[in-house]
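Undergrad: sequence first, then the predicted structure, then my questions.
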2 protein chains.
Amino acid sequence: MRLTNYLLPTLKESPADAEIASHKLMLRAGMIRKVAAGIYSYLPLGLRSIRKVEQIVRQEMDKAGAMELLMPMTVPAELWQESGRWEQYGKELLRLRDRKDTEFCLSPTHEEVITDIVRGTVRSYRQLPMSLYQIQGKFRDEIRPRFGLMRGREFIMKDAYSFDLDDASADISYDKMYRAYQNIFNRCGLNFRAVEADTGSIGGSSSHEFMVLAESGEDAIVSCDSCDYAANVEKAQIRLNNQQPPQAVGEVAEVATPGRKTIAEVANFLELPQNRLIKTLLVQTDTGEQLAVLLRGDRELNEIKLCRFLGCVEIEMVGEKTVVELTGAPSGFAGPVGLTCRIIADHEVRNMVDCVVGANAADMHCVGVCPGRDFEVAEYVDLRQAEAGDGCPRCEGLLQSWRGIEVGHVFKLGTKYSKALGATVLNREGKDVPLVMGCYGIGIGRTVAAAIEQNHDDNGVIFPMAIAPFQVMVTLLNAKDEQVVSVGNELYNTLLSSGIEAVLDDRADRPGSKFKDADLIGVPIRVTVGGRALKEGAFEVQVRGGGERQMMPVAETATWLVEEVQRQLAG
Amino acid sequence: MRLTNYLLPTLKESPADAEIASHKLMLRAGMIRKVAAGIYSYLPLGLRSIRKVEQIVRQEMDKAGAMELLMPMTVPAELWQESGRWEQYGKELLRLRDRKDTEFCLSPTHEEVITDIVRGTVRSYRQLPMSLYQIQGKFRDEIRPRFGLMRGREFIMKDAYSFDLDDASADISYDKMYRAYQNIFNRCGLNFRAVEADTGSIGGSSSHEFMVLAESGEDAIVSCDSCDYAANVEKAQIRLNNQQPPQAVGEVAEVATPGRKTIAEVANFLELPQNRLIKTLLVQTDTGEQLAVLLRGDRELNEIKLCRFLGCVEIEMVGEKTVVELTGAPSGFAGPVGLTCRIIADHEVRNMVDCVVGANAADMHCVGVCPGRDFEVAEYVDLRQAEAGDGCPRCEGLLQSWRGIEVGHVFKLGTKYSKALGATVLNREGKDVPLVMGCYGIGIGRTVAAAIEQNHDDNGVIFPMAIAPFQVMVTLLNAKDEQVVSVGNELYNTLLSSGIEAVLDDRADRPGSKFKDADLIGVPIRVTVGGRALKEGAFEVQVRGGGERQMMPVAETATWLVEEVQRQLAG
């Protein structure tokens, strides 16, 4: 490809609405262009990286024995009604009507469609196991699309589905996919972790997320420093501390805390560490129950754990009016002593003594409080967000915390969809049994964005070789100098015929501006043709994101480049 | 690929709602599966052919210098409002609203989006010419989706767009694409014609359609028997007959034609050939004008030619009430003599004498009528549908007629979209000028369907090698016989490692049923492993759609197959 007629609209400045590095750099490098909120065109450069990720995904899916198919983006409501998700799914499911007023959605995921295909065509255990996948444009009407391809509305996804006769076989299919995912993200050159995760609106019994580690990641994850336990904090368990609680020494006493409502304010005022306070959260479930949830003052509630324990879909903090009804005081002074609603507490609270709680009276707190002695807790549960330093639930190690970007998610679905849609096969005994399913997603565009979050510097993207839009950039220092043009073209053509994805910067621009563009778009290796080096029979070669510029004899450069590309691809 | 675990739901019977061969066979061969009216899933077998066409298209686009990009399916209304098509496009444009009530459409074509990309990024003539393309799922809310992939609602299309500084350069871009299209359909192994066509709702100054010739084609096309003129009948011109009209001999006289209204009825009743009658059509334009249109009795009106002449978008026949108002008689008896509305006539009418027209009185016609003498014609125009035997407009040859399936369409757009959206570049003189555009579509799924229409027999599909889902089928006669399995697997693996796309029928089914499936799905070459042949050290080889079964020594078969596949690919 020659840059003169290439659509490469690089920008000097970051667009104002881009917040994170990948979003800024993909816009600046001319990889994507916004069409509407969360909706982008992939320009030629961006599409090249997208296609490389797709190709790696496709090869590993095929290797894992999955078959590619392609389902439609517009899916009739009736299939979603059969699974029950038409009602359950919120506004992220974009619903529409065709000219005959039939209802459809733009499908964000295809469990219903694939189950419908399989229920009509697979009838015997002999055809199992079967895995199917597609790479396809999807739509999810995000309330707050942002960060470019990271959280878009229309996006490219690989979704795969496995069908098995029983759980044991389904576990094997799941493991195959899990390994395929490891291969995929390794081949993409990414630093990632597979972590245990919540199953959310997809459902099923268990799941893993594949997280690319990056500071800007929206997800918090923890991993053990001595075993291979790793989980999204949404899901992460914490090792129980089975120490006996210390003996209580104080008595309950009320103290005035005028205007101090938050944990920080009260701890400051009383000159106590926050872990001596108990946080009392008054919450309400979507089924209408109101209850108090206690946590150590310096901990955060994990709403997903709480919902799982309560068996509800959503909880919310109660409003001011309800706070007054439940506690007799304005918000900021709630405490468990004397409360009549159900009280549940995080495990850690059991071991607390002589602590501070709200007094259920305006501007007052209680000190010297002991759980069990001064108030009853209906149940102690794992309710808090895991943090760095917490004990690993699997071994004696400690948890470390990371930020991650979810690029893949694998689910054991069980029979949720096959039962709802009546997808059964005859088993060995000739009996109809529901298929056991798994589903497996990869955000293709998000993988490219995550790679950029993980691999960039102040000058631009530093693409891993495997997903770089081009492998080698040949930059002509002076595109009007006949010798430069002739030697540069020769190198460029040699590279192309050696199977290297080369790009020739033959534009009439100044060298500095060309170097800036090369750095910005992140081509892994740049060869500069011209100047003093060429007079001495050499090219200047520079590996992006590391290493000095080095002089290389003209005659040796092509061979060296071919080997270096192979070396980097091999990783 | 081994068929045991392959999703290949072949059907013995054609589904009731499938009318044409490709629709029936794609369903029966398990290539596609209906999700809703005009919306299909591409099953693994079907997707393989789709991808092969895509790959041929991609290679030829790249060779023609076009860059691939990918635009979204959901496009904001505002872009379509800028071009004016939001109002012009009918219900085929599926409109929808997101959760914030912003209006979008599912884009059936991307002139607006691509022009928006280019207007923001291409600023100088130095960057031109530039051609961009995408291969993407599109949506068109057809009122009557039918014929499977032939006229679907969600479909895969390649759309390309060219941008040039001026008309001369745009013509060069157009010719490049035209040649790329010829290469594409040749490589797909199709018998096709490029024909002149109407530009329809896309607009522009001229266009060509690429038509796959097939009896079931929805389009009628004509081509000259001696020059290379070819056109859709919608557009086809007809050589003017410049002979002097014969001298009129008769006088106008009214004759009773009780109850005879149609041309056929009147001609029959009067015992005259239909070409002695003049057909009087009373039509109304979308701007409200009412006029009479005359044609020789045996000819058909071409509404597109009429609309072009009148400068309107649609015409319709007037209702009974208006017929009575205009003629004083019920419909079936209209004629030009004495009519007060504007009268226009097809060129052929000028040369008619002593002919029959309606008398504008119930159950009466006039005979002995001469145009010009007995009534005035405001203008003679080319208004009729071309037919086989008509004179070629370019030479002295005669037109032949064909049925065709439109698989590609190329348009010279001119500045329609660049002017509407303000897409300009600085020309050599530093002046802002609107870009001159072309657009170029190929229906990917329709190309596969058209290939099947053109290549099938009673037993199933006969795929051209280049787009066959698999190239060679290895059928095990008895999948439980160890020798058969071992020899068959060896051949299968040899073929795979030689780069042949082989499929192994290792299912436990009866041979007859396996042969039926092989014929149905149209794999170009089948090798049967087992039986008497194997005992004699041979395989049975059969080329689909032609030729005897032939015995081939085991040791020679793989080499022969590799050569035969190459030979067929070379075409």
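TA: Sure, I can see it.

Undergrad: the residue of the stretch 401-550 of chain A found nearest chain B in helix, strand or coil?
TA: Distances between the stretch 401-550 of chain A and chain B by CB to the nearest CB are smallest at residue A:508, namely 7.7 Å. C-betas here are computed from N, CA, C, even on glycine. Assigned by DSSP: H, G, I helix; E, B strand; the rest coil, the conformation of residue A:508 is coil.

Undergrad: not counting sequence-adjacent ones, nearest residue to it?
TA: Nearest non-adjacent residue to residue A:508, counting by CB to CB, 6 or more residues apart in numbering or on different chains: residue A:479, 5.4 Å away.

Undergrad: next: residue A:366.
TA: Once flanking residues are discounted, residue A:366 sits nearest to residue A:359: 4.8 Å by CB to CB, 6+ apart.

Undergrad: the one you found: what's it in contact with?
TA: Counting by CB atoms under 8 Å, 6 or more residues apart in numbering or on different chains, residue A:359 touches A:254, A:329, A:333, A:335, A:337, A:365-366.

Undergrad: please repeat the previous calculation with a cut-off of 7 Å.
TA: By CB atoms under 7 Å, 6 or more residues apart in numbering or on different chains, the residues touching residue A:359 are A:254, A:333, A:335, A:365-366.

Undergrad: picking that back up, surely the residue nearest to residue A:508 touches residue A:504?
TA: No - at 9.5 Å, residue A:479 does not count as touching residue A:504 under the criterion of CB atoms under 7 Å.

Undergrad: okay, those two: which has more neighbours?
TA: Higher neighbour count among residue A:479 and residue A:504: residue A:504, with 26 against 21, using other CB atoms under 10 Å in any protein chain shown.

Undergrad: doesn't the more buried one fall inside a strand?
TA: Yes - Residue A:504 sits within a strand when classified using three-state DSSP.

Undergrad: and the residue of the stretch 101-250 of chain A found nearest chain B, how many neighbours?
TA: Distances between the stretch 101-250 of chain A and chain B by CB to the nearest CB are smallest at residue A:121, namely 3.7 Å. Residue A:121: 18 surrounding residues under other CB under 10 Å.

Undergrad: can you pull the contacts of it?
TA: Counting by CB under 7 Å, 6+ apart, residue A:121 has contacts B:7, B:9.

Undergrad: tell me which residues of the one helix or strand residue A:568 maps to come out buried.
TA: Using DSSP states H and E, residue A:568 falls within helix A:554-570. Within helix A:554-570, the residues scored as buried using 16 or more other CB atoms under 10 Å in any protein chain shown are A:554, A:557-558, A:560-562, A:564-565, A:568.

Undergrad: ditto for stretch A:499-507
TA: A:500-507.

Undergrad: and which of those residues is nearest to residue A:214?
TA: residue A:501 (25.8 Å; CB to CB).

Undergrad: hang on, the closest one packs against residue A:474?
TA: No - here residue A:501 lies out of contact with residue A:474, judged by CB under 7 Å, at a distance of 11.6 Å.

Undergrad: hmm, back to that, the residue of the stretch 401-550 of chain A closest to chain B: how many residues sit nearby?
TA: Residues near residue A:508, counting by other CB under 10 Å, number 11.

Undergrad: pLDDT wise, what is it at?
TA: Note for residue A:508: predicted pLDDT of 91.

Undergrad: list phi and psi for it.
TA: The phi and psi torsions at residue A:508 (degrees, to the nearest 10) take the values phi -80, psi 10.

Undergrad: thought it was touching residue A:478?
TA: No - if you go by CB under 7 Å, residue A:508 and residue A:478 don't touch, sitting 9.1 Å apart.

Undergrad: so where does the spatially closest residue to residue A:252 that is not a sequence neighbour fall, helix or strand?
TA: Nearest residue to residue A:252 in three dimensions, chain neighbours excluded: residue A:368, at 5.1 Å (CB to CB, 6+ apart). Following DSSP H and E, one finds residue A:368 within strand A:364-369.

Undergrad: buried ones in whichever helix or strand comes after that strand?
TA: Using DSSP H and E, the next helix or strand after strand A:364-369 towards the C-terminus is strand A:379-381. By neighbour count with 16+ other CB under 10 Å, strand A:379-381 contains the buried residues A:380-381.

Undergrad: partner strands of strand A:379-381, with direction?
TA: Here strand A:379-381 has these sheet partners by DSSP bridges: strand A:342-346 (parallel).
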